[in-house]
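*Asks:* 3D, please:
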Amino acid sequence: MEAATASQAATRPRAKTKKPRATRDKQPWYMWVAVAAIVVFCLFPFYWLISISLKTGNDLQSSSLIPPNPTLDNYQSIFKNPDFTKALRNSAVVALTTTVLALAVGSFCAYALARLKLRGKFAILAIVLTISTFPQIAIAAPLFKLWSDIGLFNTWIGLIIPYLTFALPLTVYILVSFFREIPKDLEEAALVDGATHFEAFRKVVVPLAAPGLATAGILTFIGAWNEFLLAVTLTSSSKARTVPAAIAFFTGATEHEVPYGSISAASVVISVPLIIMVLLFQKRIVAGLTAGAVKG
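*Replies:* You can find the predicted model right below:
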């Protein structure tokens, strides 16, 4: 009997041993090489910008990857320039105001499109998105004439209004997807407990839609901070001129000299806040951009 049992055990197929999880999840070496190549390709332009910003004089003609005589003179010169510091202030005010207004108005509009039973909601959303694809150059000249006539030319509000026009469609589109994913039962429970519709929206819906609000806010801020065409067209002095437009008016020591070092230093300075913002809120940005992409 024992011999039969031993023979059966010998002929029984052995169970496959599972490989350790670390071995199974290990990526091939060429994947890491490809990732490293993509990272270098994406970061090299920014590194080259920093390299130029640390060069002065004849070093600007050098094509070496490492600055021969690195210096911070370009950074000191731009911060001594009152037009640049005023432009930083103007950009901060205009971009922050545009972002706050876009989130405030866009959240109400998106909530209505997501919750209310309206005919033609898809058509309304399509029209809203169509506005964002409208070319800015087509409205630059009419706005210049209109703003000059009514006194909004070269003012903050003269930039905020057109910026808000292009920022709202994207804000509404992102928030509609988030509001649709929030269960209505939560709002109904708040209403049963005695909350008003606005309180339910403010205390229940808005906190749950925080990733979408963060995503829309960051993208709106970046768009307003980087905008160039309208900033050049609708301003004429440092009173309301934003940073991208101010950099275009940098001048060198002579008439035909292009101040590459100062332009590069200013570009690095205005890029740093955006980079920090994206690194801090990258998870919320990804969550907001992928909202509604997967169901179930």
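
*Asks:* after the longest helix seen in the chain comes which helix or strand?
*Replies:* For the chain, the helix with the greatest residue count under DSSP state H is helix 82-115. Per DSSP states H and E, the first helix or strand lying C-terminal to helix 82-115 is helix 121-132.

*Asks:* angle of that following helix against helix 82-115?
*Replies:* Helix 121-132 runs at 170 degrees relative to helix 82-115, counting by axes from the mean of the first three to the mean of the last three CA atoms, to 10 degrees.

*Asks:* packing partners for helix 121-132?
*Replies:* If you count contacts as 3 or more CB pairs under 8 Å, 6 or more residues apart in numbering; DSSP states H and E, helix 121-132 packs onto helix 82-115, helix 156-181. Where you see a C-beta, it was placed from the backbone N, CA and C, and this is true even at glycine.

*Asks:* what would these look like in a markdown table with mean neighbour count and mean pLDDT?
*Replies:* Shown next, in a markdown table, are the helices and strands packed on helix 121-132 (neighbours: other CB atoms under 10 Å; pLDDT from 0 to 100):
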| stretch | mean neighbour count | mean pLDDT |
| --- | --- | --- |
| helix 82-115 | 19 | 92 |
| helix 156-181 | 21 | 89 |
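
*Asks:* Export the ones you listed as TSV, with columns for distance to residue 192.
*Replies:* Shown next, in TSV, are those (distance: least, CB to CB, whole Å):
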stretch	distance to residue 192
helix 82-115	17
helix 156-181	20
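
*Asks:* Pull the distance from the longest helix of the chain to the chain's centre.
*Replies:* Put simply, helix 82-115 sits 13 Å off its chain's centre (CA atoms, centre = their mean, to the nearest Å).

*Asks:* Need phi/psi at the spatially closest residue to residue 136 that is not a sequence neighbour.
*Replies:* Distance criterion CB to CB, 6 or more residues apart in numbering; nearest residue to residue 136, sequence neighbours excluded, is residue 229 at 5.1 Å. When quoted as degrees, to the nearest 10, the phi and psi of residue 229 stand at phi -60, psi -50.

*Asks:* wait, residue 229 sits on residue 138?
*Replies:* No: Residue 229 is beyond contact range of residue 138, at 10.7 Å (criterion: CB atoms under 8 Å).

*Asks:* I am finished for the moment; much appreciated.
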